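Asker: any chance you can model this:
(chains A and B)
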Number of protein chains: 2
Amino acid sequence: MTAVLDDSFHVFDTTLRDGAQREGINLTVADKLTIARHLDDFGVGFIEGGWPGANPRDTEFFARAAAELDLRHAQLVAFGATRRAGGNAAEDPQVRALLESGAPVITLVAKSHDRHVELALRTTLEENLEMVRDTVSHLRSQGRRVFVDCEHFFDGYRANPGYAKEVVRTAHDAGADVVVLCDTNGGMLPAQITAVVRTVLADTGARLGIHAQDDTGCAVANTLAAVDAGASHVQCTANGYGERVGNANLFPVVAALELKYGRKVLPAGSLAEMTRISHAIAEVVNLTPSTHQPYVGISAFAHKAGLHASAIKVDPDLYQHIDPELVGNTMRMLVSDMAGRASVELKGKELGIDLGDDRELVGRVVERVKERELEGYTYEAADASFELLLREEVEGRPLHYFRVESWRAIVEDRPDGTHANEATVKVWADGQRIVATAEGNGPVNALDRALRVALERTYPQLAKLELVDYKVRILEGKHGTESITRVLVSTSDGSCEWSTVGVGENVIAASWQALEDAYAYGLLRAGVEPRRND
Amino acid sequence: MTAVLDDSFHVFDTTLRDGAQREGINLTVADKLTIARHLDDFGVGFIEGGWPGANPRDTEFFARAAAELDLRHAQLVAFGATRRAGGNAAEDPQVRALLESGAPVITLVAKSHDRHVELALRTTLEENLEMVRDTVSHLRSQGRRVFVDCEHFFDGYRANPGYAKEVVRTAHDAGADVVVLCDTNGGMLPAQITAVVRTVLADTGARLGIHAQDDTGCAVANTLAAVDAGASHVQCTANGYGERVGNANLFPVVAALELKYGRKVLPAGSLAEMTRISHAIAEVVNLTPSTHQPYVGISAFAHKAGLHASAIKVDPDLYQHIDPELVGNTMRMLVSDMAGRASVELKGKELGIDLGDDRELVGRVVERVKERELEGYTYEAADASFELLLREEVEGRPLHYFRVESWRAIVEDRPDGTHANEATVKVWADGQRIVATAEGNGPVNALDRALRVALERTYPQLAKLELVDYKVRILEGKHGTESITRVLVSTSDGSCEWSTVGVGENVIAASWQALEDAYAYGLLRAGVEPRRND
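Answerer: Numbering: from 1, shown residues only, chains lettered A, B, ... in the order given. Predicted structure coming up:
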């Protein structure tokens, strides 16, 4: 672990748990692992991974996280509920699953609104307190750090402030490190949050956190209002994903804390990665990144008014609230988001490709990325395609392992309900023309197989490549199937995984492009020299 | 004019002027007139229509508005700048154009940041004050009501508070009814806004307004913070449209004022039209309405967690911050694998399908949903497919509009780099076997066209259906192209949009399924009776 901040302020991310409640998000375990890596790169202190035991996918996530994730900054957090009414925490299967997840930190959700205790838990107010006390103590006795989420806290406080505070006190006394006040229904406004947090802090002495939902459009402001009142733990989700309207958006919250409050809450250098990470996570969850998201949207520093143009040139700071580079974004003019010179240089360094002081080369790469991003490519989520592009520019020639003459895919739905998928490819490799045909369970799979058959003699290295993920997005969703299609393919060679991109009017053709890049990158990684086949 | 509220609080809309600065918005005069009618229906007090004189389209807008708009609640406002440095308001052509617009109210933008005076206006601080004084006085002498927008006020106040306040005082003394403090660069946070507005109000005695941009994600909260400090005029845009990230969103601002502050700022009954009006305006500007917009997004009152469904049935107010009907929205239960009986019953009610007390039927639906979600279907994002499933269970038979015998799609990449896409379908409709072939720009598009050709005689209603979005996801990203493919298709009939789902090993076959559902639902919506073709 490097660059861990002290414990005095917590940036706590719940994208994988509460964020996944957003309508339209449905994450696989692999998605969750990828997002966790991005969040850790970004430098959040805590990553809430899910509810082990309640959900087999979350149980699997924690098992695989233990084996596969090598977190540099964040600690993994398991989410769960207090034990059952009338039970015993030590024997509660749900509580046991939390311990078995192996997560060093556990967030327990507890009821703090009296009517919810009666209506949803169907138990007494006193037993609810006992459930909090027993569960927190038990988890503490097992060596775990415990945070307690007080669900519906602000509504509960309005209905019965004494009881709401009693829940906070109970959690605190039982050993919870942080008691998080949740605006679960999202109906609060900043002034209300400040007043309640201030009172609860004074009356209980507990360390407080805030969890805000965005139903009034004020989740970011509500989170900051709680910090103003003394909260030192903020729960957020990437891009504000979450149930209903969403959660407090991690990115504007940390940007405000770092840039407006002057408070270091991320490792040095992280903030400048914010735009990239926001977009990368959007790609994983397969939602279009919001163009108008504060700080990280591609329009966030876009200036339309031509009126200002000359004044902007003299002093851009008069027309923008922060320097966009602080958050890895760029001022308009530049069509492309990722393609600043600096990012390309940085990326080159990351890939071990020295671009040195060759400003002309960097300029050429930036131009090519811009052009392709205009066509619909995205390199933020397709590292391997970007590296191929970069290497081609550095070496001044295409990386040709094989040349495609033509291909064809046929999909047939037969009267008996079965499907036939057949593909034929005609390629040149090592000076030879090869025609191969294969069947598959879909047209892309058939093409994939046919291409492997065609190339296996020349490149036996391809045998161990496997396609592990495949995503399709229609860009400019105005005319449905007539729009531009973007395909992202993830490929693995067993030890490493990479992503490639293809774009076209046609889902199969776009997939083919991404496959070609995937193979080329796999061969490059395997140390195979390109062989000209022109 | 009916139901005009008193003048003590102004809801001022600038969608047509500042909102139109949003990237991607390009309004015709007809669009502007339509939006003005929607805003007037909604009951805002002021509609800023544009900058007559600066822009021929805006000049035309005011001319046509005078002739064609019959506003019930709102007053039309023309926006313009103070006179030129060294000139005379009475002879300034730009000021004359404001008067000639015929608008009863004029908003003048004035510089209040010392450096902007020097850099953008290239004049002295004293002359800038004179420009404000002269222009306001002249417009007042011509019988117009005047509001003054102090551009870059909060940044200017930080740089030179004395001068910023001097501009406010000058405008006020010259006869401006409201002086609007603008966070033009959008970098402020609520606590800063409250402090500055409070001081300026105390020091100048001017009636103050607020104009907030959303660059920190706090525009709604900033607007409310100014109201908390005594501002009585809020400038907003529908759906938060505006330059860069956008402006303070009209809808959550007025909803907070009406529902959280208990302040009447709209005519009676208006708030319940909010969702409809938000979507109607999105339609005119040709942007997809944000599904996650506070109050008015279709997800704003959507509940996913099946856990809560039974408690929601007992007391929905425990799980939502307001009754969605207050803003013309509705609660939606998302049917997902977590969903139990309660969610299905609620969903049935929402669709107007009475499942009554038929516990066996509800159980059957829950089972079928669970089974299908295990196979990879998702009904949460495919309402139309769910409704078809529900109706089939209620009616005890499949909804067959047509029967598919077989289909075939061919995609060919030719040596010259072009693609051919051809599809053939064999279907039975109305007792007849029809074979149709079509080309498209991709295999799904070709199938879509072929199916339309095949069915157009029997179901002319299909002609107006259009696929508006198409998403593909590979589930369980374990084996790449050998995995399960899920396709979500959104279809529109021009007035309504619905989503359907298809799942299979094969992207084309999954797409075909989603298309079949999309057509069936479209025909169901059009009131067409299913015809058996078995």
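
Asker: could I get the full set of helices for the stretch 1-150 of chain A?
Answerer: Remark: helices of the stretch 1-150 of chain A, listed N- to C-terminal, are A:29-42, A:56-68, A:93-100, A:114-116, A:125-141; assignment by DSSP state H, counting those that start in this stretch.

Asker: B:Gln513: which of those is closest?
Answerer: Using CB to CB as the criterion, the shortest distance between B:Gln513 and the helices of the stretch 1-150 of chain A is 23.5 Å, found for helix A:29-42. No exception for glycine: its C-beta is placed from N, CA and C like everyone else's.

Asker: excluding chain neighbours, what is closest to A:Ala248?
Answerer: What sits nearest to A:Ala248 in space, not counting adjacent residues and going by CB to CB, 6 or more residues apart in numbering or on different chains, is A:Ala219, at 3.9 Å.

Asker: I'd say the one you found and A:Tyr241 touch.
Answerer: No - using CB atoms under 8 Å, A:Ala219 makes no contact with A:Tyr241, being 11.6 Å away.

Asker: the more surrounded of those two?
Answerer: Set side by side, A:Ala219 and A:Tyr241 show more neighbours around A:Ala219, with 32 against 27, by other CB atoms under 10 Å in any protein chain shown.

Asker: re the thing from before, among the helices of the stretch 1-150 of chain A, which is nearest chain B?
Answerer: helix A:29-42 (4.7 Å; CB to the nearest CB).

Asker: related to what we said a few turns ago, format the helices of the stretch 1-150 of chain A as TSV; extra columns: mean pLDDT, mean neighbour count and distance to A:Val369.
Answerer: Formatted as TSV, the helices of the stretch 1-150 of chain A follow (pLDDT from 0 to 100; neighbours: other CB atoms under 10 Å in any protein chain shown; distance: least, CB to CB, whole Å):
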stretch	mean pLDDT	mean neighbour count	distance to A:Val369
helix A:29-42	94	22	20
helix A:56-68	92	17	31
helix A:93-100	96	19	45
helix A:114-116	93	19	51
helix A:125-141	98	20	49
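
Asker: let's have these in JSON lines, adding distance to B:Arg158.
Answerer: Listed next are the helices of the stretch 1-150 of chain A as JSON lines, based on distance: least, CB to CB, whole Å:
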{"stretch": "helix A:29-42", "distance to B:Arg158": "30"}
{"stretch": "helix A:56-68", "distance to B:Arg158": "45"}
{"stretch": "helix A:93-100", "distance to B:Arg158": "48"}
{"stretch": "helix A:114-116", "distance to B:Arg158": "44"}
{"stretch": "helix A:125-141", "distance to B:Arg158": "45"}
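
Asker: what are the boundaries of the strands in chain A?
Answerer: The residue ranges that make up the strands of chain A, judged by DSSP state E, are A:10-13, A:46-50, A:75-81, A:105-111, A:145-151, A:178-183, A:208-212, A:233-236, A:403-413, A:419-429, A:432-439, A:466-475, A:484-492, A:497-504.

Asker: return the set of buried residues in the second one.
Answerer: Put plainly, it is strand A:46-50. Of the residues in strand A:46-50, those buried by neighbour count under the rule 16 or more other CB atoms under 10 Å in any protein chain shown are A:Phe46, A:Ile47, A:Glu48, A:Gly49, A:Gly50.

Asker: ok, the last one touching A:Ala63?
Answerer: Spelled out, it's A:Gly50. No - assessed by CB under 8 Å, A:Gly50 is found out of contact with A:Ala63, at 11.4 Å.
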